[in-house]
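Q: This is a predicted model, with the sequence first.
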Amino acid sequence: MIQAYIITEFNSDLDIIKKILSNKLLENTKHFAGSGQYAAHSMATTILGSDRIPVVLIVNTRADDKDIVVEKFNDINFLMRQSSPGVPYKIIMAVPEIEVVLLQNRDLIEKLIGQHFTDLEWEFACCHPKRFLSRFLGDKSQYIQTIFENMNAEELSQVRQHPIIADITNFLSNVSATYIKA
């Protein structure tokens, strides 16, 4: 039985999430990737309103300015609330992009790239994770594959502790334990 939906903006975002979350969490969820920000929002509101199944929507903010992030969250939350007749949902704001979770382990990234980064370079990487990873490890599918093929269980556990992943995990765990579709 599907207990929740995970919705991302793009397939590569969903690939990252599916490689990080445990199989136990994934087995009772359905996964969708929109073809962009608005398609993902639309899909989430439609599922809430028509299927009445909990949704976790993962949004790339494309900004790190707190005011912009809060405004974007409030706009999406307004739309989701209008569509949700009491159905739980969670909006995860990936600041600035979901790839930031892959930078949870600096040592792993430096090992894969074969280069030590200064603190300033690392700060740039965390502000522009897609651009940084693409520059050093190839296109999205390539860097996702490279990182996860070289990640051990301990490193994966570290990534799972990132606040974005922890929020997704907590929401899905709570929903599967408490929500019963009306």
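A: Alright, I've got the coordinates. Residues are numbered from 1 along each chain as shown.
Q: Make sure Ile58 is indeed in a helix.
A: No: if the criterion is DSSP: H, G, I helix; E, B strand; the rest coil, then Ile58 is strand and not within a helix.
Q: Low-confidence stretches in the protein?
A: Residue ranges of the chain with pLDDT under 70: 180-182.
Q: helix or strand for Phe32, which one?
A: strand 29-33 (DSSP states H and E).
Q: For that strand, which outside residues touch it?
A: Residues outside strand 29-33 that contact it (CB atoms under 8 Å, 6 or more residues apart in numbering): 2-11, 13-14, 17-18, 40, 43, 172. Any C-beta I mention is one placed from the backbone N, CA and C, and that applies to glycine too.
Q: mind listing which of these are in strands?
A: Counting by DSSP state E, the contacts of strand 29-33 place 4-8 in strands.
Q: could you show me where the strands are in this protein, in order?
A: 4-8, 29-33, 55-60, 89-94.
Q: what angle do the third one and strand 4-8 make?
A: Put plainly, it is strand 55-60. Angle between the axes of strand 55-60 and strand 4-8 is 10 degrees (criterion: axes from the mean of the first three to the mean of the last three CA atoms, to 10 degrees).
Q: Strand 55-60 pairs with which strands, and in what direction?
A: With DSSP bridges as the test, strand 55-60 is paired with strand 4-8 (parallel), strand 89-94 (parallel).
Q: what's next to the shortest one, contact-wise?
A: Contacts with strand 4-8, where a contact means CB under 8 Å, 6+ apart, come from 14, 17, 28-34, 40, 43-44, 47, 51, 53-58, 98, 168, 171-172, 175-176, 179.
Q: could you redo the last one with a cut-off of 6 Å?
A: Residues external to strand 4-8 that are found in contact with it (CB atoms under 6 Å, 6 or more residues apart in numbering): 14, 29-33, 40, 43-44, 47, 53-58, 172, 175.
Q: In its sheet, which strands sit next to the strand holding Phe32, and in what direction?
A: Applying DSSP bridges, one finds strand 29-33 paired with strand 4-8 (parallel).
Q: For Ala40, see how far away the closest residue to Pro85 other than its chain neighbours is.
A: Once flanking residues are discounted, Pro85 sits nearest to Arg52: 6.7 Å by CB to CB, 6 or more residues apart in numbering. Arg52 sits 19 Å away from Ala40, going by CB to CB, to the nearest Å.
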